[in-house]
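Visitor: Output the structure for:
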Amino acid sequence: QVQLVESGGGLVQAGGSLRLSCAPSGRTFVTWIMGWFRQAPGKEREFVAAISRSGTITYVADSVKGRFTISRDNAKNTVYLQMNSLKPEDTAVYYCAADTSGKSMRPPRDTHEYDYWGQGTQVTVSS
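Guide: From the prediction side, this is the model:
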């Protein structure tokens, strides 16, 4: 059973920064595509960012482009989401996800392509 453990959420003022981290418990993830999603109250879970196995291909949602960066350190078995210039509308529970199928050629943006999820970490941006 794969467990993804997220950390780094919290309360920050608008314009501030946070860095989220995610690591699989007891597993190495070098062959997995990794993604970050978020879900605000009353809204559907939405794509934020994704990264290929090697880290050479990254995608970010238009709503966070230029502010958020996804990266991974396969030696440390950790994926990161650096969030800068945070806005109140970024407030949500952020989820780390893993596509372990090995079938995807590029990082998917669809939640259904990911087969393991973390428990989520709350990010709250105050105005």
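Visitor: CA atoms for contacts and neighbours, from now on please.
Guide: Fine.
Visitor: Chain neighbours aside, what residue packs nearest to the spatially most central residue of the chain?
Guide: With distances taken as CA atoms, centre = their mean, residue 36 lies nearest the centre of the chain, 2.1 Å away. With sequence-adjacent residues excluded and distances taken as CA to CA, 6 or more residues apart in numbering, residue 36 is closest to residue 96, at 4.7 Å.
Visitor: can you give me phi and psi for the one you found?
Guide: For residue 96, the backbone dihedrals (degrees, to the nearest 10) come out as phi -90, psi 140.
Visitor: do you know how far the residue nearest to the centre of the chain is from residue 111?
Guide: 10 Å (CA to CA, to the nearest Å).
Visitor: Identify the contacts common to the two.
Guide: Common contacts of residue 36 and residue 111 (CA atoms under 8 Å, 6 or more residues apart in numbering): residue 47.
Visitor: The residue nearest to residue 36: neighbouring residues, count only.
Guide: 31 (other CA atoms under 10 Å).
Visitor: Which positions are bridged to the residue nearest to the centre of the chain in the beta structure?
Guide: Residue 36 forms beta bridges with residue 49, residue 96, as assigned by DSSP bridges.
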